[in-house]
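Q: sharing a sequence plus its predicted fold:
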Amino acid sequence: MSLTSITAYTHRDVLVVRDATALTASITGGTIGLPQNVYTLDAPLDDSTNSKVWTQEVRLSGGGDRIKWLVGGFYSKNKRHYAQDLFVSGFDTLAAPILGAPYGFTQGLLAPKDHLFWSNLSYDLEQYAAFGEATLSVGPRLGLTAGLRYYNFDESRQQIFDGIFGNDGTGDSLVSQPGSTKADGVAPRFIASYQVSDALTLNAQASRGFRLGGINDPLNVPLCTPEDLVTFGGRKSWKDEKAWNYEVGAKSRVAGGRASINLSAFYMDISDLQLTVTAGSCSSRLIFNVPKARSEGLELEVTATPNEHLDISASAGLNNSELRSTILSAGQPVSGMAAGNRLPSVPQVQASGAVTYGWPVGRGSRAFVSGSYQHVGSRFTAIDDQGRGFCVPADLANCPFGTVALTTFERATPRPGKTIGGPLTDTLFTFNPLLPAYNLLNLRVGLIRESWELAVYLNNVTDERALLALDRERGTRARVGYLTNQPRTVGATLRFSY
């Protein structure tokens, strides 16, 4: 028998400062309708996170010729504090006379003056689990594995929001929203492996997965349109997500052991899928549960070493993932959550390949040249990208996501008929939310010695601009852009082994 104990402690203290001027301007200049000298004020948004995590796992394993087993336990304690602070210096002084508000109207119970949004969120998550697994050899070729994990999660949260952007619509600047969520259950796993020959093994697996539910942040009610309050209001929490995964596959060695071919097929049945959506005009994000979804696909991997100089590998994957349920509000699907829509961030096709050629250079040295290729198919960043855009009321029937009416804020007060950034040269902005497929090629040339390696590389040889994700604020009313990859890059690396 073997006893293993793993203890870990992690303490992170992170501050990220983001430029939120575009987002803030869509509210101060768009929704509220303040003039340009107000909505162009600098608006840095501080995101701070302080996290302390303890984890402890103990495993005991053993067995004989026919049976091998493992039992263990796991415990984790996670305390996390997250805060945001939007400081727009000079806003109160400029905006108060225009709005007819008293000087200092932006000061809340906790938020200082000119801090338009202020939050302090505390999370306390405790979890423990007990698990066990055993593999039985039935004859010389068949192995059967069964495992079970019991899990228990308990999370409490305290969410405090202040500032004129974050109140609950009652006029109170301070919003306090405590809450908790609990979950427990079992996650089984079954595996069968059959060795057809020394060169071919077949396997099958069925397993159940789980993801904890939680508590949504409250909506920024003053920023919401009445329609969005109806659609996104009242969703204080989300439920646990569960999934059953079924997989069959084959692993083989060919060409006298110099090559391998691995093939697998999978089907995943998901219930209460957790999807993050933008709450329309509210500048909030919520997590919804979609009752049913599924994912199915194929994966192929090939490796070969024809001789002492050459190494080749290639892989490809097909994935067909979609929602099987629809979430409705006022008779319309909410934020693209409609049956048949693709799951976000999942390309239908992926492929990669690599070739390395090496040869000896003197005693104890080896030179090499390698190239790698990656193809990633088209995909959506978020489920919202298959929903509706922001259009004027007269054109709501033909308003896919990717369509933004630039006249959205024209009826804002106290400047009726005006819009942020005017005068406009166009009334409609369109873009494609479906991220196109991209291909990346990398090259590397180097020299390997016993204790060091020197290499020169050229990444993204064709200088392809890959659109990795769609970046949006407040739906698309504040900002639309794309996150892209690193351009063509030349460099060198020196590594030592000791």
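A: Sure thing, it's come through.

Q: Ala354 is in contact with Ser315, isn't it?
A: No - in this structure, Ala354 is not within contact of Ser315 by Cβ atoms under 8 Å, at 9.4 Å. Where C-beta positions appear, they are placed from N, C-alpha and C, glycine not excepted.

Q: what ranges do the strands span in the stretch 101-250 of the chain?
A: 115-138, 142-162, 175-197, 200-211, 214-215, 237-238, 241-254 (DSSP state E, counting those that start in this stretch).

Q: which of these is buried the deepest?
A: Each of those was scored by mean neighbour count; the highest is strand 214-215, a mean of 20, by mean count of other Cβ atoms under 10 Å.

Q: what's the residue minimising distance to the centre of the chain sitting at in phi/psi?
A: Nearest to the geometric centre of the chain sits Ser345, at 8.1 Å (Cα atoms, centre = their mean). Per-residue torsions, Ser345: phi 70, psi 10 (degrees, to the nearest 10).

Q: now the closest residue to it other than its chain neighbours. Its backbone dihedrals?
A: Leaving aside its sequence neighbours, Ser345 sits nearest to Arg379 (Cβ to Cβ, 6 or more residues apart in numbering; 5.9 Å). Backbone torsions of Arg379, given as degrees, to the nearest 10, read phi -170, psi 160.

Q: and Arg379, how close does it get to Ala338?
A: 17 Å (Cβ to Cβ, to the nearest Å).

Q: same check on Phe91?
A: For Phe91 relative to Ala338 (Cβ to Cβ), the value is 40 Å.

Q: and those two? Which one has more around it.
A: A count of neighbours by other Cβ atoms under 10 Å puts Phe91 above the other of Phe91 and Ala338, at 23 against 19.

Q: list the contacts for the nearest residue to that one once chain neighbours are set aside?
A: Beyond its immediate neighbours in the sequence, the residue positioned closest to Phe91 (Cβ to Cβ, 6+ apart) is Asp114, lying 5.2 Å away. Going by Cβ atoms under 8 Å, 6 or more residues apart in numbering, Asp114 touches 87-92, 106.

Q: would you turn these into CSV with secondary structure and pLDDT?
A: Converted to CSV, these look like this (DSSP: H, G, I helix; E, B strand; the rest coil; pLDDT from 0 to 100):
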residue, secondary structure, pLDDT
Phe87, strand, 97
Val88, coil, 97
Ser89, coil, 96
Gly90, coil, 95
Phe91, helix, 96
Asp92, helix, 95
Thr106, coil, 91
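
Q: check contacts around Ala134.
A: 67-70, 145-147.

Q: and these, which is closest to Thr21?
A: Among those, Gly147 lies closest to Thr21 (Cβ to Cβ), at 52.0 Å.

Q: that closest one reaches Pro188, doesn't it?
A: Yes - judged on Cβ under 8 Å, Gly147 makes contact with Pro188 at a distance of 6.9 Å.

Q: remind me which residues of the stretch 151-300 of the chain are low pLDDT?
A: Residues of the stretch 151-300 of the chain that meet the criterion pLDDT under 70 lie in 167-173.

Q: related to what we said a few turns ago, pretty sure the residue nearest to Ser345 sits against Pro344.
A: Yes - here Arg379 reaches Pro344: they are 7.5 Å apart, a contact under Cβ under 8 Å.
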